[in-house]
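Student: My questions concern the predicted model and sequence given below.
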Amino acid sequence: KPSPHSLHGSKRIEPGRTEPVVQSGAARVGVLLPLGGAWSVTKRSTFVVVANRLPVDEEITPAGREWRVSPGGLVTALRPVVTAHQGAWVGWPGHAGATVAPFFHDGIRLHPVELSDDEIELYYEGQANSTIWPLYHDAVEAPVYSREWRDAYRTVNERFAAAADQAAAEGATVWVHDYQ
């Protein structure tokens with residue numbers, strides 16, 4: 001049985017690069033190989049971004065699971081830097097309860113963090129958006145506090161920290177974003 005990280009599938013040529021496709025179950029994920037060798041999703045990176053979301057959006061197609069680059073400003077700004085440093089990105093894959101193994105997309109090692117519906121509601125909608133966001137935006141809205149939100153925030157952030165620890169090489173630069 002082939003390794004879930006083995007390279008096979010179709011190739012498309014871009015200026016100066018070859019981009020094989022990695023298949024893991026139903027997932028099809030683009031991998032950009034550096035000249036002279038393959039990357040490993042288990043290799044630790046010297047530059048890691050930790051954000052609420054991964055820089056990709058999942059799309060289910062007749063061919064299976066596909067990932068598309070997210071259109072947001074953080075992704076637009078940091079993706080070229082992360083790619084240039086053969087870096088990693090830690091974040092939620094966008095669907096509650098989604099269990100997704102680490103994978104590559106456009107030259108970035110992606111490390112998904114699984115979250116439940118309750119955790120998203122308490123940690124992100126509650127603590128991050130209702131408590132922390134107002135504090136960093138001149139209290140446009142009055143912050144709201146809840147011990148339950150804070151407890152969920154701590155639990156989720158411990159999970160993000162563990163994923164970042166697995167992704168980061170010793171001495172790595174870890175860019176923490178999005179109220180983590």
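Tutor: Nice, thanks for sending it over.

Student: Below-threshold pLDDT in the protein: ranges please.
Tutor: When residues are selected by pLDDT under 70, those of the chain lie in 1-42, 139, 179-180.

Student: pull the longest helix from it.
Tutor: What stands out as the longest helix in the chain, according to DSSP state H, is helix 147-167.

Student: what does that helix rub up against?
Tutor: With contacts defined as Cβ atoms under 8 Å, 6 or more residues apart in numbering, helix 147-167 is touched by 44-45, 48, 50, 88, 90, 102, 109, 111, 113-115, 118-119, 122-123, 126-128, 130-131, 174, 176, 180. Every C-beta, even on glycine, is put in place using the N, C-alpha and C of the backbone.

Student: buried sites along stretch 43-51?
Tutor: For stretch 43-51, the buried set under the neighbour-count rule, 16 or more other Cβ atoms under 10 Å, comprises 45, 47-51.

Student: From the chain's centroid, how far away is stretch 108-117?
Tutor: 6 Å (Cα atoms, centre = their mean, to the nearest Å).

Student: Would you mark the buried spots in that stretch?
Tutor: 108-113, 115.

Student: measure the spatially most central residue of the chain to Pro102 for me?
Tutor: By Cα atoms, centre = their mean, the chain has its centre lying nearest to Leu54, at 3.0 Å. Using Cβ to Cβ, to the nearest Å, Leu54 is found at 10 Å from Pro102.

Student: and if you look at Leu115?
Tutor: For Leu115, the distance to Pro102 - Cβ to Cβ - is 16 Å.

Student: Could you do Glu125 as well?
Tutor: Taking Cβ to Cβ, one finds Glu125 at 26 Å from Pro102.
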